[in-house]
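K.L.:
The sequence and its predicted three-dimensional model are supplied below.
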Amino acid sequence: MDEEMMNMTEAWLRNHRLLYTGATRSPFILSIHDATINFVSFKTWLAQDYLFVRAFVPFVASILIKACKESDDDGDMEIILGGMAALEDEINWFKREATNWGISLSEVVPQQANINYCRFLESLMSPEVEYTVAITAFWATEAVYQESFAHCLGEGSKTPPELKETCARWGNEGFGLYCQSLQRIADRCLRTASEEELKKAEVLFLSVLEHEVEFWNMSMAA
Ligand SMILES: Cc1ncc(CO)c(N)n1
């Protein structure tokens, strides 16, 4: 396809394929897919991601505020609000799942990669960060999880039955459609963005991918 006709996110996905694949086909995800995962790693991921999701809520809230103030499309609010509502269910799911795996969430200490990622999200919550830039990072964060966990449910996957529910949380079709909605918002905003905003959004897209890689590696190392 001609570069000019492509959406910005598609062009980035093409130009940064290697890093994107690194984030969506991490050793952690591949080990779920081929059933070689060490459950200690899974429990580490679960505990750390619970903390991450708690930090993710105010980040999404900050995007909702930006949407209300800066978006030229009324439809954005419902999509972001839907995502926020789903996070309440997600937090409750993490609590139930932690109980099932014998994890005491109140005792979980955030690891460095998690601290770094949450700090990054916090930096994006500033009112000075434009909606276009923030929504791009938001889309990328969700898209990595969607693509990663969908792979664990795809053809030829040997995902252990006790992990299927986890994979389905982010790998299900509804979550896929939600990610597409976020991508469409990002692309619409990016079409009218300044050169400077475009550059900033691309850099943050790459930062998200790097943080995701580090997050998976942190889980795997435990
Ligand atoms: C680290 C990480 N990235 C993305 C998501 C998706 O919300 C998540 N739960 N955790």
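P.N.:
Perfect, thanks for sending it.
K.L.:
excluding its backbone neighbours, what's nearest residue 175?
P.N.:
Take residue 175 and drop its neighbours on the chain: the residue closest to it by C-beta to C-beta, 6 or more residues apart in numbering is residue 146, 5.5 Å away. Glycine gets a C-beta too; all of them are placed from N, C-alpha and C.
K.L.:
my guess is that neighbour meets residue 169, correct?
P.N.:
No - under the criterion of C-beta atoms under 8 Å, residue 146 lies out of contact with residue 169, with a separation of 10.0 Å.
K.L.:
The two: who's more crowded?
P.N.:
Taking other C-beta atoms under 10 Å, residue 146 and residue 169 do not tie; residue 146 has more neighbours (21 against 17).
K.L.:
what residues are up against that one?
P.N.:
170, 171, 175, 176, 179 (C-beta atoms under 8 Å, 6 or more residues apart in numbering).
K.L.:
Next: residue 58.
P.N.:
Neighbouring residues of residue 58 by C-beta under 8 Å, 6+ apart: residue 125.
K.L.:
which among the contacts of residue 146 gets closest to the ligand?
P.N.:
Each of these was checked against the ligand using C-beta to the nearest ligand atom; the closest is residue 170, at 6.4 Å.
K.L.:
Just the element for the residue of the chain found nearest the ligand, please.
P.N.:
Closest approach between the chain and the ligand, counting by C-beta to the nearest ligand atom: residue 145, at 3.8 Å. Using DSSP states H and E, the element containing residue 145 is helix 131-151.
K.L.:
pLDDT averaged over the helix or strand following that helix, what's the number?
P.N.:
Using DSSP H and E, the helix or strand that follows helix 131-151 towards the C-terminus is helix 161-171. The pLDDT scores in helix 161-171 average 97.
K.L.:
Give me the buried stretch members for helix 161-171, please.
P.N.:
Residues of helix 161-171 classed as buried by neighbour count (16 or more other C-beta atoms under 10 Å): 163, 164, 166, 167, 168, 169, 170, 171.
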